[in-house]
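Participant: what follows is a predicted protein model with its sequence.
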Amino acid sequence: MKAKLEYIWLDGYQPTQSLRSKTMIRDNFGGTLEECPMWSFDGSSTEQATGDHSDCLLKPVAIFPDPDRANGYLVMTEVLNADGSPHESNGRATIDDDDDDFWFGFEQEYFLWDVKTGMPPGFPKGGYPSPQGPYYCSVGAKNAHGRDVIEEHLDLCLEAGINVEGINAEVAAGQWEFQVFAKGAQRAGDETWVARYLLERTGERYGLAINWEPKPLGKDLDWNGSGMHANFSNSAMRDDGDEAIFTKICEAFGKNIERHISVYGANNDQRLTGLHETQSIDEYSYGVSDRGASIRIPIGTVQDGWKGRLEDRRTASNADPYKVAAAIIKSTNEGMAS
């Protein structure tokens, strides 16, 4: 029986990479990652090579059943140069977490985007809906827009084996969120990117694009932006019960603002203004239960005897979770070593 393998990768466009994919047909495929061969593609068409040296390689790193296709599989890949070295656009290769000690949970916000009106569903032509407030976790046709897409996407993710832990409508009309959790930074990135891919493909059937921009409605309008809050922990944070560990980590993040902001998403300055429960992009703070801080220490972490996680609230919705995880791991390790 022939199987359809959809190879997925990130292109080289800057400042924000996009998803690309193409299909390989295989005979007698058993559904394992080890059976997925390396595959080449034309990097000159994706801003990853020049025309005179256009070949790039796709290295399979994760595989999921494709619920949308008979005998289909979704194959997440890394991009390599023709000599087998990691391509400069390959954020996954920069992650230092070989033993999967770090656990990540990404809260992925986004806007559905009507390709005909150029606005989110729920926005009247030539105007705006009622101010934000009634849309968050809403129900009913007046406030919840696009639920068919959201529910279909959730089902597809669960059928594919992606560990989506929840969904909800967000504070603006047409804005939604899903949450992905995984043990291991690379796995968390793999699942988040494949979940994004499934959302993009699901939107095609409804004539809806997915807008990942952190402030698609503009900086000056009174609408919340879209983020991808990054929840993270390592074994010391989860098990030791030591407030000093969390303090050292939070202080280390404050010493490396540029390291983080540089990979936390393009146009994030429009979202991190100090308003709408954000800290200004050029400032840094941390605190218990503080949703306006750069780093929030969840009250559960404190109540559990300083065992748990931290939440970096600066990450924009269009950030690469691989690069986000790499920066978080580096600063966390530096803090713990201080």
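Facilitator: Received it, and whenever you're ready, just let me know what you need.

Participant: domain parsing for this protein?
Facilitator: 2-90, 103-337 (automatic domain parsing).

Participant: of those domains, which is nearest residue 96?
Facilitator: Residue 96 lies closest to domain 103-337 among the domains of the chain, at 5.6 Å (Cβ to Cβ). In this view, the C-beta of every residue, glycine as well, is placed from N, C-alpha and C.

Participant: quick one: that closest one to chain centroid distance?
Facilitator: Its chain's average C-alpha position is 7 Å from that of domain 103-337, according to Cα atoms, centre = their mean, to the nearest Å.

Participant: residue 97 is nearest to which of the domains of the chain?
Facilitator: Taking Cβ to Cβ, domain 103-337 is the member of the domains of the chain nearest to residue 97, at 4.2 Å.

Participant: next, the buried residues of stretch 177-189.
Facilitator: 177-182, 184-189 (16 or more other Cβ atoms under 10 Å).

Participant: can you name the residues in contact with that stretch?
Facilitator: With Cβ atoms under 8 Å, 6 or more residues apart in numbering as the test, stretch 177-189 has contacts from 61-62, 91-92, 95, 97, 100, 102-110, 153-154, 157, 162-170, 190-192, 195, 199, 231, 320-322, 325-326, 329.

Participant: 7 Å instead?
Facilitator: Stretch 177-189 is contacted from outside by 92, 95, 97, 100, 102-109, 162-168, 170, 191-192, 195, 321-322, 325, 329, using Cβ atoms under 7 Å, 6 or more residues apart in numbering.

Participant: any quick ChimeraX command for the buried ones out of the residues you listed?
Facilitator: Buried residues among the contacts of stretch 177-189 (16+ other Cβ under 10 Å), as a ChimeraX selection:
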select :92,95,97,102,103,104,105,106,107,108,109,162,163,164,167,170,191,192,195,321,322,325,329
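
Participant: take the contacts of stretch 177-189 and keep only those in strands.
Facilitator: 103-109, 164-168 (DSSP state E).

Participant: let me know the closest of the residues you listed to residue 144.
Facilitator: Of the ones in strands among the contacts of stretch 177-189, the one sitting nearest to residue 144 (Cβ to Cβ) turns out to be residue 168, at 10.2 Å.

Participant: what's the end-to-end length of stretch 88-105?
Facilitator: 25 Å (Cα to Cα, to the nearest Å).

Participant: could the buried residues of stretch 177-189 go into a markdown table alongside distance to residue 54 and pLDDT?
Facilitator: As requested, the buried residues of stretch 177-189 are exported to a markdown table (distance: Cβ to Cβ, whole Å; pLDDT from 0 to 100):
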| residue | distance to residue 54 | pLDDT |
| --- | --- | --- |
| 177 | 38 | 98 |
| 178 | 36 | 98 |
| 179 | 38 | 98 |
| 180 | 33 | 98 |
| 181 | 38 | 98 |
| 182 | 34 | 98 |
| 184 | 33 | 98 |
| 185 | 31 | 98 |
| 186 | 27 | 98 |
| 187 | 31 | 98 |
| 188 | 32 | 98 |
| 189 | 26 | 98 |
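
Participant: helices - which of those residues land there?
Facilitator: Among these, the ones falling in helices (DSSP state H) are 185-189.

Participant: where does the nearest residue to residue 71 once chain neighbours are set aside land in three-state SS?
Facilitator: Using Cβ to Cβ, 6 or more residues apart in numbering and skipping the chain neighbours, the partner closest in space to residue 71 is residue 3 (4.7 Å). Here residue 3 is strand, with the state taken from DSSP: H, G, I helix; E, B strand; the rest coil.
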